[in-house]
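Asks: Everything below, folded, please.
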Amino acid sequence: MLQRLILFFSAIIVSCPGFGQDIETAAPFNIKTITFTQNANNTIPVFRLGEQFQFSFDDLYGNEEDYYYTITHFNYNWTPSELAKGEYLDGIDNQRIQDYENSFNTLQIYSHYRLKIPNNFTRLTKSGNYLLSIFNGNKELVFSKKFIMFEELSEVPMQIKRARKVADMGYKQNLEFTIKSKSILFQNPAQNVKVILFQNGKWNNAIVNVKPQYTIGNDLIFKYDKETQFYAGNEYLYFDNKEIRASTNTISRVDSNSGLYNTHLYTDMARKNNGYTYFPDINGNFQTRNLTAQNNEVEADYTWVYFSLFSAETQAAKSVYVTGMFNNYVLGPENKMDYNTDKGIFEKAILIKQGFTNYNYTIVGTNNAVADNEAVDGNFYQTENQYTAIVYYRANGERYDRVIGKGEANSENITN
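Replies: Modelled structure (predicted):
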C-alpha cells in the first residue's frame, strides 16, 4: 500500500489493487456465475440501505447441497467493525438458503441458488462494508463476497475530465467531484471522510483512501490533477452464444466433443497500437440467456469458451488473465492464460454460462498489481467507462464507518 503524507487538507491517496480483496474467499471450481442482481439485472454490489437485492450462484455438482449464509460488518479498510451482530442486523443470519432450483434440459447439470436480502430472517440496519459468506452443510466456508450498503445523506456530483498532464491526456481519465450534505456537519473531514473510486465496479484497480483536497463551507472539494486518475483502457470485447450451437462474428466454431459444448472464439488481436474505435459495450457486465428458454436462470447451459490472444508486444512470461463480471475479475489460475509457443499466442478455456458476455485481458505485474499501463488493448481517453465514488464518514465518537453517499458519472460526457 502506497501512502503519501502531505499537509493538512491535502490528500492521502492509496492506490492499492488488493484493497478489500484479501478478505474474500475464492469460490471452488464447482461454484459458478456468482452475481448480485437488482430488478433482474446483474449489478455492482452497492445498494441503498433498505432496498432489496438478490444474490445468486450455481453449483455444478447439482446435488442440492445445503448452503448457509452469514453477514459480517466491516470498517472502511475491511477490518472487522466493533459493532455486535445485533447492532447491524435485525433478525438472524446463519440460515439455510431455501430458494434453489435444478437445471433443466442442459448438458451441464447444476443447482441454482437465490438469496434475497432483506428477507424474512435478515434485515440490515446499518450502512457500511459487508461480507456475505456461504457455508456448506458441514459448516465449512465455501466462498465469500463483498457488498456495500449506503445511506443517502449526501450528494456527490461528479465530472470526468481529461488528464491535465500533456503526456497523459490521451490515456487517462480524471475524476473531479464534490461532497455536499444538508444533514451532516462534517467534523475534521481530512481525518473522518474517506472515499473509494471505482472504474466499472472493479476492486483490482480501485483508488482508495481519497481525502478532501479543500473545503468551501461544508462542501468537500476533490479536484486533484493526478491522484484521482484512472487509465482509460479500451472498450470491452464480447461474445454472444445465446444460441449455443451457432457460430457468429466472434465465435468461429462450436462442437460438443467433450460432452459439453465447446465455444471457440476467433483469436483476438491486441488493439494497443490501433486508433480508438467506438465499440459499444456494457462495461464488463454479462447477461445469462438461452434463446429458446423460458427461464434463463436454470435453462441456460454451460460451455467451455476457448479464448486466444495474439499480442506481439506482450512477453510470453507475462501473467495475462481473462476477466469480466462473469468471473468477478478474479485473478486466479482458472482465468490465467497459457502461452502457446508453437502458435505464438496466449490461450485459455473457461467454463461460462451461455449468454452475452463482456470480457477483457488483464496483465498483472511482478508485484501482483494490475498493470493498466501495459494494457493489451491500450488506453484511450475516449473510452466509455462508468465511475462510482463511495463516501465513508465516521464522526468523532462513532464506532463504525458509515457510507453516507454514492456518486456516479460516465466518461461518455468527458470534458477537457
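
Asks: I'd like to know which helix or strand in this protein has the lowest mean pLDDT.
Replies: strand 14-15 (a mean of 38; mean pLDDT, DSSP states H and E).

Asks: May I see the buried residues of stretch 201-220?
Replies: 201-213, 215, 219-220 (16 or more other CB atoms under 10 Å). No exception for glycine: its C-beta is placed from N, CA and C like everyone else's.

Asks: Please export the C-alpha coordinates of that stretch as CSV.
Replies: Extracted in CSV, the C-alpha atoms of stretch 201-220 (Å, rounded to 0.1, in the frame of the first residue of the first chain):
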residue,chain,number,x,y,z
GLY,A,201,-17.1,-1.6,-10.3
LYS,A,202,-13.6,-3.3,-10.3
TRP,A,203,-11.8,-3.7,-7.0
ASN,A,204,-8.5,-4.6,-8.6
ASN,A,205,-7.7,-1.0,-9.7
ALA,A,206,-9.8,1.0,-7.2
ILE,A,207,-8.4,4.2,-5.8
VAL,A,208,-8.8,4.2,-2.1
ASN,A,209,-8.5,6.4,0.9
VAL,A,210,-9.1,9.6,-1.0
LYS,A,211,-9.3,12.6,1.3
PRO,A,212,-10.8,16.1,0.5
GLN,A,213,-8.4,18.5,-1.2
TYR,A,214,-10.1,21.5,0.4
THR,A,215,-13.4,22.7,1.8
ILE,A,216,-15.8,25.5,0.9
GLY,A,217,-18.1,25.9,3.9
ASN,A,218,-19.5,22.4,4.5
ASP,A,219,-18.8,21.3,0.9
LEU,A,220,-15.8,19.0,0.4
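
Asks: tell me the mean pLDDT for that stretch?
Replies: In this model, stretch 201-220 carries a mean pLDDT of 93.

Asks: what residue ranges in the chain score low on pLDDT?
Replies: 1-21 (pLDDT under 70).

Asks: quick one: which of the buried residues of stretch 201-220 is nearest residue 335?
Replies: Nearest to residue 335 among the buried residues of stretch 201-220, counting by CB to CB, is residue 204 at 12.0 Å.

Asks: The closest one and residue 362 touch, don't they?
Replies: Yes - counting by CB atoms under 8 Å, residue 204 touches residue 362, with 7.5 Å between them.

Asks: Identify the contacts common to those two.
Replies: Taking CB atoms under 8 Å, 6 or more residues apart in numbering as the contact rule, residue 204 and residue 362 both touch 329, 331, 370.

Asks: Tell me which of those residues fall in strands.
Replies: Among these, none falls in strands (DSSP state E).

Asks: out of these, who's nearest residue 263?
Replies: residue 329 (20.8 Å).

Asks: Just give me the neighbour total for the closest residue to that closest one other than its chain neighbours.
Replies: In space, residue 329 comes closest to residue 323 once its chain neighbours are excluded; the distance is 4.6 Å by CB to CB, 6 or more residues apart in numbering. Counted with other CB atoms under 10 Å, residues neighbouring residue 323 total 22.
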